[in-house]
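[1] Turn this into a model:
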Amino acid sequence: MNITCKRNLITAALAGALGLFAAGCESFSNVPSGNLASVTITNQPMAKVVQATTATFVAHGFSGGQTGANRFSYTRLGSRTDNLAYGSFMFDELVTIKVVVTTKQLTPNSIYVGCNAWLIEGENDPVFQDSHNVRMLRKWPYAQLLQDIQAQVGQ
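    Below you'll find the predicted structure:
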């Protein structure tokens with residue numbers, strides 16, 4: 001390898017590292033990070049997105065609703081598989097799925113909808129209650145819920 005080629009490679013590597021350093025951990029858009037799943041809805045009013053969010057979660061057996069500005073909390077009993085994986089073998093404690101949805105107006109024409117989910121064993125037991133974050137490998141059902149919200153608003 002000649003010296004010019006090595007310099008070009010080093011220059012490209014330094015430029016890439018500088019670009020990552022300048023961007024940091026921020027995303028390039030104003031989209032909040034740290035969610036299990038997310039979608040962006042365009043050209044729809046926030047009221048329609050709120051209505052679609054509630055309708056989607058109710059249709060999938062969740063109860064709950066809006067708990068604050070741009071924040072929703074929904075729960076339902078876990079599946080048999082959830083109970084086998086996270087429930088108690090000693091006590092009759094069922095697993096509850098909790099999903100927290102957040103919305104954010106990114107631009108006048110786009111709304112971010114993101115969610116995080118937990119599997120909670122012994123939800124009503126103050127001593128033995130334990131929650132487990134849903135990992136990225138199991139995000140599919142929650143991503144599908146958000147896609148259902150998108151479909152309900154016509155996207």
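
[2] so where is the chain shaky, pLDDT-wise?
    Regions of the chain meeting the criterion pLDDT under 70 cover residues 1-33, 88-92, 127-128.

[3] ranges for the helices of it?
    Defined through DSSP state H, the helices belonging to the chain, from first to last, are 3-23, 46-59, 80-86, 140-152.

[4] so how far is stretch 135-146 from its chain's centroid?
    Between the mean C-alpha point of stretch 135-146 and the mean C-alpha point of its chain there is a distance of 8 Å (Cα atoms, centre = their mean, to the nearest Å).

[5] Which residues does it contact?
    Contacting residues not belonging to stretch 135-146 are listed as 36-39, 56-57, 60, 99, 101, 113-115, 117, 134 [Cβ atoms under 8 Å, 6 or more residues apart in numbering]. Where C-beta positions appear, they are placed from N, C-alpha and C, glycine not excepted.

[6] got a markdown table for those residues, with distance to S73 too?
    Converted to a markdown table, those look like this (distance: Cβ to Cβ, whole Å):
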| residue | distance to S73 |
| --- | --- |
| L36 | 14 |
| A37 | 16 |
| S38 | 17 |
| V39 | 18 |
| T56 | 14 |
| F57 | 10 |
| H60 | 14 |
| V99 | 7 |
| V101 | 8 |
| V113 | 14 |
| G114 | 14 |
| C115 | 10 |
| A117 | 11 |
| V134 | 15 |
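
[7] Out of those, the closest to Q155 would be?
    The closest of those to Q155 turns out to be V39 (Cβ to Cβ; 8.6 Å).

[8] Now do the contacts for T96.
    Counting by Cβ under 8 Å, 6+ apart, T96 makes contact with 75-78, 119-121, 123.
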